[in-house]
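Undergrad: no sequence for this one, just the structure:
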């Protein structure tokens with residue numbers, strides 16, 4: 001899947017591809033009032049913007065360079081540096097609509113899905 005424009009499902013947006021999802025610079029995969037799911041058996045190459053404005057954003061690339069995927073999602077929280085374990089295979093970026101808080105949760109999809117780390121941001125103050 002090659003996106004150079006805007007994919008907006010308004011109430012929910014789902015992008016599924018077999019080998020690769022490419023979100024080009026200035027391209028957006030968004031949802032105004034719902035969740036966003038970007039899932040591929042290959043890799044996610046995000047140079048644009050992926051976000052569910054009032055919902056949850058899930059990005060999963062089964063053959064992804066995990067560090068790159070996590071860096072893309074961490075970037076949505078602002079200027080945060082974090083080392084990510086190489087065994088991580090999926091990430092979820094959740095925005096809480098009732099506040100300015102955002103949380104970024106990392107999952108290990110080895111034998112079971114386990115939350116292994118979380119970042120919560122209230123403005124410029126972040127805790128892990």
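TA: Looks like it arrived, so ask away. As the structure is a computational prediction, the values presented were derived from the model and not from experiment. Numbering: from 1, shown residues only.
Undergrad: hmm, residue 13 is touching residue 52, no?
TA: Yes - using Cβ atoms under 8 Å, residue 13 and residue 52 qualify as a contacting pair, with a distance of 7.4 Å. The C-beta positions use only the backbone N, C-alpha and C, and glycine is treated the same way.
Undergrad: overlap in contacts, these two.
TA: Here residue 13 and residue 52 have 30, 31, 34, 35, 36 as joint contacts, going by Cβ atoms under 8 Å, 6 or more residues apart in numbering.
Undergrad: excluding its backbone neighbours, what's nearest the third one?
TA: Yep, that's residue 34 we're talking about. Sequence neighbours aside, residue 12 is the residue nearest to residue 34 in space, at 3.7 Å (criterion: Cβ to Cβ, 6 or more residues apart in numbering).
Undergrad: and the one you found, how far is that from residue 52?
TA: Between residue 12 and residue 52 the distance, using Cβ to Cβ, to the nearest Å, works out to 8 Å.
Undergrad: contacts only, for the residue nearest to residue 5 when sequence neighbours are not counted.
TA: Sequence neighbours aside, residue 27 is the residue nearest to residue 5 in space, at 6.1 Å (criterion: Cβ to Cβ, 6+ apart). Listed by Cβ under 8 Å, 6+ apart, the contact set of residue 27 reads 3, 4, 5, 6, 47, 48, 49.
Undergrad: tell me, how many residues neighbour the second one?
TA: The one in question is residue 4. 11 (other Cβ atoms under 10 Å).
Undergrad: list the buried ones in the helix or strand containing residue 44?
TA: Taking DSSP states H and E as the definition, residue 44 sits inside strand 43-46. Within strand 43-46, the residues that count as buried by 16 or more other Cβ atoms under 10 Å are 43, 44, 45, 46.
Undergrad: check stretch 3-23 too.
TA: Judged by neighbour count (16+ other Cβ under 10 Å), stretch 3-23 contains these buried residues: 3, 7, 9, 13, 15, 17, 21, 22, 23.
Undergrad: any chance of the residues you listed in TSV, with secondary structure and pLDDT too?
TA: Supplementary listing: those in TSV, determined by DSSP: H, G, I helix; E, B strand; the rest coil; pLDDT from 0 to 100:
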residue	secondary structure	pLDDT
3	strand	90
7	strand	89
9	coil	84
13	strand	85
15	strand	88
17	strand	87
21	strand	87
22	strand	88
23	strand	85
